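1. sequence first, then the predicted structure:
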Amino acid sequence: MSFNSLGLSDALLKAISKKGYTTPSPIQQKAIPPILEGKDVLASAQTGTGKTAGFTLPILQLLSQGQHLRQRPVRALILTPTRELAAQILVNIKEYSEFLDLRSTVIFGGVNQNPQVSQLRQGVDILVATPGRLIDLQNQGLISLSKVEILVLDEADRMLDMGFLRDIERVMKVLPPKRQNLLFSATFSKDIKKLAMGILHHPVQVEATPENTTVDAIAQKIYPVAKEKKTELIIKLITEGNWKQILVFTRTKQGANKLTESMISSGIKAAAIHGNKGQGARTKALAGFKNGSLTALVATDIAARGLDIPLLPHVINFELPNIPEDYVHRIGRTGRAGASGEAISLVSPDETTFLRDIEKLVGLKLPKENIKGFEPDPNASTEPIKQGQGRQQRNSTPKKPTTTTSSRSGNNSFGPRRPSQNNDRRSNR
Ligand code: AMP
């Protein structure tokens, strides 16, 4: 996906390109379209995922399209817990709005208020603020928030940790009731959910899992299983567990179709989504999955990427991905802090190498549990299945430790994946 396809204006695209960004990060891909549509958004994203541009870019676009009032009242308010973050967000806003006629400023405590006040007097479209100073200036009658159209609560969990709840509530009281609300938080405790419920209206939920870190709240489990018994096992797990909403991952499109058919014949309402399915079929399957008329959605990694799938109680890896990072993306779909989530992987002997790569990447030995009657033959070959060129290539070339772990460093949520390594391995998905 490119920034062009997100529907951003030329002025923003120019600024983005000046920053050197080539590809929107996952949170940007997911958050920008609903924000542009004027929807409330509840986003799970931490620093480092590109979340700032995720909300700033669409806000700039909406404000530049909106009505310019001569006095420039504050139309977008961004609340953040710390001054460092506030200052950083302002820097980003300035960069992204370079080619737009919009003004922005930042206010935070601990410094003389006068320069901030004089900035405000000149009129600003976008105000970044820490709650304390905002309330302070508001109480002194030095700031009006009656024209705010968009509110962002950034790092909402940290704001609560720092005791800003009362201040946030006070700010809410002086904002116009009709506005767009965006809430970003790295974690979703009960308190955050309560806050979100009080502020957001029918929010679109989006999330970005930082690459290569497994989410602590997810219980991960491996069921070693004979390859030919996988279908029987997954059907048993779903039916006996009476699970209602399960996202299942297969490695290939053919695999997804075959498994879906078997599930349907066993009475499980299932649909497949993958690269060969048209947009209409995908949308329908996703809608059915979300509204509960489908129990299982069987997806390949590429098809699942970019889909707005809510966080789920169960994710099953019917097959392990041959790209270890995909495992992290897959299991990031399950419950987060506060909500329980289970990520189950059915692993046959020929996936031993994939499992080893995944465990190396996430830095964990995943717990194994045998299910009677489904155990693999202890003498079965652990030779990886031959699938596409990539795997074979990797096995036949001397192993460099960086092949699977190099994306750990730097801004690993961004940019296209390393083409030489991945394109061939993804061809049939
Ligand atoms: P954030 O998570 O918003 O703190 O952003 C983390 C870093 O990623 C910042 O240095 C941004 O400038 C940078 N960044 C944001 N979006 C992108 C992108 N699409 N491509 C590359 N870098 C980005």
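-> Okay, I see it.
2. remind me which residues of the stretch 1-150 of the chain are low pLDDT?
-> Along the stretch 1-150 of the chain, the parts satisfying pLDDT under 70 run over 47-48.
3. please repeat the previous calculation with a cut-off of 90.
-> When residues are selected by pLDDT under 90, those of the stretch 1-150 of the chain lie in 1-2, 20-23, 25-26, 44-50, 66-71, 81-85, 87-88, 109-111.
4. again with the stretch 201-350 of the chain
-> If you take pLDDT under 90 as the line, the stretch 201-350 of the chain has these spans: 207-220, 244-245, 273-287, 290-292, 300-314, 322-342.
5. what are the ranges of the helices in it?
-> Assigned by DSSP state H, counting those that start in this stretch, the helices in the stretch 201-350 of the chain fall at 230-241, 253-265, 279-291, 301-304, 324-331.
6. can you pull out the strands in the stretch 51-200 of the chain?
-> Using DSSP state E, counting those that start in this stretch, the strands of the stretch 51-200 of the chain run over 76-79, 104-107, 126-129, 150-153, 180-185.
7. helices and strands around the fourth one, which ones?
-> The contact analysis (3 or more C-beta pairs under 8 Å, 6 or more residues apart in numbering; DSSP states H and E) places strand 150-153 against helix 51-65, strand 76-79, strand 180-185, helix 190-199. Just so you know, the C-beta spots here come from the backbone N, C-alpha and C atoms, and that holds for glycine as well.
8. let's have those in TSV, adding distance to Tyr96 and mean neighbour count.
-> Converted to TSV, the helices and strands packed on strand 150-153 look like this (distance: least, C-beta to C-beta, whole Å; neighbours: other C-beta atoms under 10 Å):
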stretch	distance to Tyr96	mean neighbour count
helix 51-65	6	23
strand 76-79	13	24
strand 180-185	16	24
helix 190-199	25	15
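9. redo those as a markdown table? Include distance to the ligand.
-> Converted to a markdown table, the helices and strands packed on strand 150-153 look like this (distance: least, C-beta to the nearest ligand atom, whole Å):
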| stretch | distance to the ligand |
| --- | --- |
| helix 51-65 | 3 |
| strand 76-79 | 12 |
| strand 180-185 | 9 |
| helix 190-199 | 18 |
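10. let me have these in JSON lines, extended by distance to Ile385.
-> Rendered in JSON lines, the data for the helices and strands packed on strand 150-153 read as follows (distance: least, C-beta to C-beta, whole Å):
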{"stretch": "helix 51-65", "distance to Ile385": "38"}
{"stretch": "strand 76-79", "distance to Ile385": "49"}
{"stretch": "strand 180-185", "distance to Ile385": "40"}
{"stretch": "helix 190-199", "distance to Ile385": "42"}
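11. for those, which one sits closest to Ile316?
-> Comparing those by their distance to Ile316 (C-beta to C-beta), the top pick is helix 190-199, with 25.8 Å.
12. what's the closest of the helices of the stretch 201-350 of the chain to Ala15?
-> Of all those, helix 324-331 comes closest under C-beta to C-beta, at 28.6 Å.
13. which strands and helices lie in contact with the closest one?
-> Short answer (3+ C-beta pairs under 8 Å, 6+ apart): helix 324-331 packs on helix 301-304, strand 314-317, strand 341-347, helix 352-362.
14. what score does Phe188 have for pLDDT?
-> pLDDT recorded at Phe188 is 77.
15. what's around Arg333, how many residues?
-> Other residues near Arg333 number 23, with proximity taken as other C-beta atoms under 10 Å.
16. and if you look at Gly132?
-> With neighbours defined by other C-beta under 10 Å, the count for Gly132 comes to 17.
17. swap in Tyr223?
-> 21.
18. does it really touch Ile371, like I thought?
-> Yes. Counting by C-beta atoms under 8 Å, Tyr223 touches Ile371, with 5.8 Å between them.
19. common neighbours of the two, please.
-> When C-beta atoms under 8 Å, 6 or more residues apart in numbering defines a contact, the residues bordering Tyr223 and Ile371 alike are Leu233.
20. looking at the helices of the stretch 201-350 of the chain, which is closest to the ligand?
-> helix 324-331 (16.9 Å; C-beta to the nearest ligand atom).
21. for that closest one, buried residues please.
-> The neighbour-count check on helix 324-331 (16 or more other C-beta atoms under 10 Å) flags Pro324, Glu325, Asp326, Tyr327, Val328, His329, Arg330, Ile331 as buried.
22. grab the CA positions of it and hand them over as PDB.
-> Below are the C-alpha coordinates for helix 324-331, written out as PDB (Å, rounded to 0.1, in the frame of the first residue of the first chain):
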ATOM      1  CA  PRO A 324       8.400 -15.800  11.600                       C
ATOM      2  CA  GLU A 325       7.300 -12.200  11.800                       C
ATOM      3  CA  ASP A 326       4.000 -13.200  10.400                       C
ATOM      4  CA  TYR A 327       3.400 -15.200  13.600                       C
ATOM      5  CA  VAL A 328       3.700 -12.100  15.700                       C
ATOM      6  CA  HIS A 329       1.100 -10.300  13.400                       C
ATOM      7  CA  ARG A 330      -1.200 -13.300  13.600                       C
ATOM      8  CA  ILE A 331      -1.300 -13.600  17.400                       C
END
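23. how about Gly38, what does it touch?
-> Gly38 sits next to Leu62, Gln180 when contact means C-beta under 8 Å, 6+ apart.
24. distance of it relative to the ligand?
-> For Gly38, the distance to the ligand equals 22 Å [C-beta to the nearest ligand atom, to the nearest Å].
25. again with Ile323
-> Ile323 is 20 Å from the ligand, where distance means C-beta to the nearest ligand atom.
26. deepest of the helices of the stretch 201-350 of the chain, which one?
-> Most buried of the helices of the stretch 201-350 of the chain, by mean neighbour count (mean count of other C-beta atoms under 10 Å): helix 324-331, with a mean of 23.
27. that one versus helix 352-362: what angle between them?
-> 80 degrees (axes from the mean of the first three to the mean of the last three C-alpha atoms, to 10 degrees).
28. how far off centre is helix 324-331?
-> How far helix 324-331 lies from its chain's middle: 12 Å, per C-alpha atoms, centre = their mean, to the nearest Å.
29. please renumber the chain so that the first residue is 820 from this point on.
-> Got it, first residue is 820 now, which makes that one helix 1143-1150.
30. contact partners for the nearest residue to Asp980 once chain neighbours are set aside?
-> Spatial nearest neighbour of Asp980, chain neighbours left out: Pro900 (7.8 Å); criterion: C-beta to C-beta, 6 or more residues apart in numbering. Pro900 sits next to Thr949, Asp973, Glu974, Arg977, Met978, Asp980, Met981, Phe983 when contact means C-beta under 8 Å, 6+ apart.
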